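Enquirer: Return atomic coordinates for the entry below.
(one chain, ligands or ions: 2)
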Amino acid sequence: MSHAAPEPRIPRMIGSMPVIDVSAWLAGEPGALERIAGELRYACEQVGFYFLTGHGIPQAAIERVMAAAKRFHDQPLDEKMKLKVNQETVGYLPMKGSTTRTSKVNLNTKPNLNEAFFLKRESEEEATRLGRPPGHRNQWPENLPGFREDTLAYMGMMEELGRQLVPVYARALGMPAHHFDAAFARPGMTLRLSHYPHTEVLEDNEFGLAPHTDGNFATFLPPNPVSGLAIRLKDGGWFEVPYMEGAFVVNTGDILAHWSNDVFVSTPHRAVNRSGEERYAMPFFLNANPQTVVECLPSCQGPDRPPKYETMTVEAYSAWFQRTNYPHLQKEKAA
Ligand SMILES: O=C(O)CCC(=O)C(=O)O
Ligand SMILES: [Fe+2]
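Expert: Ligands and ions are numbered 1, 2, ... in the order given. Next up is the predicted model:
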């Protein structure tokens, strides 16, 4: 069988955002993989962002995690500080706790106006590796019943969805459908529960989250009724992402861009909250397993397109990315 890349297909568009319905692929319909891979190719080459529909994640599960984010951030600061972000960037990152210095499109000098709580894969193995009691890879709030169950259930569903979509990415890049499967058998994953207070007045070069690209493979943002996200299009203009009921906003991160030699673009984006309401966002960052070696795919290089990026592990890239953006990692390094 030939593994040529499918022809790019223009999907339905909402403004600058492609809409990709994956239900036929998830249901195993014949022909769905090639058709959807063609649409994904268009979306990832031209925009780097798309609306994902037909994903099968129940709205109720999303709402439970949204409620968990609100309940977490509604706690008093000293309660949240008990779970202060650690060397693995798991836990609570206070307001102005990060400055986005990896950005290629903006010289970000001011810390971000959001606070966030980070969770990663919970497993006995991870806890043992880190010398913690069973079930304590994450830092869990004490007084929020259901928080742990709801966030872990959601991460489990998102991990499964991510794994199901990886073959579509492989085909969209002209590789065999199962090319990435081993790297995602036990994927890296981070759930970020962010709170952006309403900010009427911003200083010059100040943001809720400054222009940046994501450092992982692909990011899944559940539908957010409170606007604030904007993406930087190829022509340099900023496009405010509208709300689409039931649709995730999905974007390419740097790891996928490196793998694909920038055939798939890791599009810069930023967030500000001028909605008049509190804003919460819950990106799920899917990544390949940390040990994966990311080397330019054969389908994305040629005599006129030599590999642009150094071959490196996911772990090495993530370590650089996080160290550059999070002062809590720089301080401990210096100590
Ligand atoms: O707040 C949003 O909608 C986007 C968040 C984001 O881009 C991120 O956390 O990397
Ligand atoms: Fe992002």
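Enquirer: Close to ligand 1: what parts of this protein are there?
Expert: 192, 194, 209, 214, 221, 224, 229, 269, 271, 281, 283 (CB under 6 Å from any ligand atom). Heads up, the C-betas are built off the backbone N, CA and C, glycines and all.
Enquirer: quick check: mean pLDDT across the helix or strand harbouring the second one?
Expert: Same thing as residue 194. Using DSSP states H and E, residue 194 sits within strand 188-196. For strand 188-196, the mean pLDDT works out to 97.
Enquirer: Return the list of strands paired to it, each annotated with direction.
Expert: Strand 188-196 sits in its sheet next to strand 115-120 (antiparallel), strand 279-281 (antiparallel), strand 284-287 (antiparallel), going by DSSP bridges.
Enquirer: Single out the most deeply packed of the ones you listed.
Expert: Sort the strands paired with strand 188-196 by mean neighbour count, taking mean count of other CB atoms under 10 Å, and strand 284-287 sits at the top with a mean of 26.
Enquirer: Outside of that one itself, list whatever touches it.
Expert: 154-155, 158-159, 162, 184, 187-192, 214, 216-222, 253, 255, 314, 318 (CB atoms under 8 Å, 6 or more residues apart in numbering).
Enquirer: so what's the residue nearest the centre of the chain bridging to?
Expert: The residue lying closest to the centre of the chain (CA atoms, centre = their mean) is residue 219, at 2.4 Å. Judged by DSSP bridges, the bridge partners of residue 219 are residue 251, residue 285.
Enquirer: May I have the phi/psi pair for the residue of the stretch 101-250 of the chain found nearest ligand 1?
Expert: For the stretch 101-250 of the chain and ligand 1, the shortest gap (CB to the nearest ligand atom) falls at residue 229, measuring 3.7 Å. Dihedral pair for residue 229: phi -90, psi 130, per degrees, to the nearest 10.
Enquirer: and it, how many residues sit next to it?
Expert: For residue 229, the count of nearby residues is 25 (other CB atoms under 10 Å).
Enquirer: didn't it look like it was pressed against residue 223?
Expert: No. If you go by CB atoms under 8 Å, residue 229 and residue 223 don't touch, sitting 11.4 Å apart.
Enquirer: what is in contact with those two at once?
Expert: Common contact partners of residue 229 and residue 223 (CB under 8 Å, 6+ apart): residue 249.
Enquirer: Let me know whether residue 34 touches residue 171 as I believe.
Expert: Yes. Contact criterion CB under 8 Å: residue 34 and residue 171 qualify, at 6.7 Å.
Enquirer: shared neighbours of the two, which are they?
Expert: Common neighbours of residue 34 and residue 171, using CB under 8 Å, 6+ apart, are residue 6.
Enquirer: So which residues of the protein form helices?
Expert: All helices of the chain, identified by DSSP state H, fall at 23-26, 32-46, 59-73, 77-81, 124-129, 147-172, 254-259, 314-325, 327-334.
Enquirer: Deepest-packed of the ones you listed, please.
Expert: Taking mean count of other CB under 10 Å, helix 254-259 is the most buried of the helices of the chain, at a mean of 25.
Enquirer: So what's the gap between that helix and the chain middle?
Expert: Remark: helix 254-259 is offset 13 Å from the chain centroid, using CA atoms, centre = their mean, to the nearest Å.
Enquirer: In TSV: the strands paired with strand 188-196, plus distance to residue 139 and mean pLDDT.
Expert: What follows is the strands paired with strand 188-196, written out as TSV (distance: least, CB to CB, whole Å; pLDDT from 0 to 100):
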stretch	distance to residue 139	mean pLDDT
strand 115-120	8	97
strand 279-281	19	98
strand 284-287	18	98
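Enquirer: Now distance to residue 19 too, for those, in TSV please.
Expert: As requested, the strands paired with strand 188-196 are arranged in TSV below (distance: least, CB to CB, whole Å):
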stretch	distance to residue 19
strand 115-120	28
strand 279-281	20
strand 284-287	19
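Enquirer: Between the ones you listed, which one is closest to residue 38.
Expert: In terms of CB to CB, the element of these nearest to residue 38 is strand 284-287, at 21.6 Å.
Enquirer: CA atoms of that closest one as PDB?
Expert: Provided in PDB are the C-alpha atoms of strand 284-287 (Å, rounded to 0.1, in the frame of the first residue of the first chain):
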ATOM      1  CA  PHE A 284      -5.200  19.200  27.800                       C
ATOM      2  CA  PHE A 285      -1.700  18.900  26.500                       C
ATOM      3  CA  LEU A 286      -1.100  15.600  24.700                       C
ATOM      4  CA  ASN A 287       2.400  14.600  24.100                       C
END
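Enquirer: so how far is it off the chain centroid?
Expert: From the chain centre to the centre of strand 284-287 is a distance of 5 Å (CA atoms, centre = their mean).
Enquirer: Same check on stretch 283-297?
Expert: 12 Å.
Enquirer: Compute the first-to-last residue distance for that stretch.
Expert: Stretch 283-297 has its terminal residues 27 Å apart, counting by CA to CA, to the nearest Å.
Enquirer: go on, stretch 136-150?
Expert: Between the opening and closing residues of stretch 136-150 there is a gap of 16 Å (CA to CA).
Enquirer: repeat for stretch 100-110
Expert: 8 Å.
Enquirer: Then stretch 206-216?
Expert: Stretch 206-216 stretches 24 Å from its first residue to its last (CA to CA).
Enquirer: do stretch 118-131 as well
Expert: Distance between the two ends of stretch 118-131: 19 Å, counting by CA to CA.
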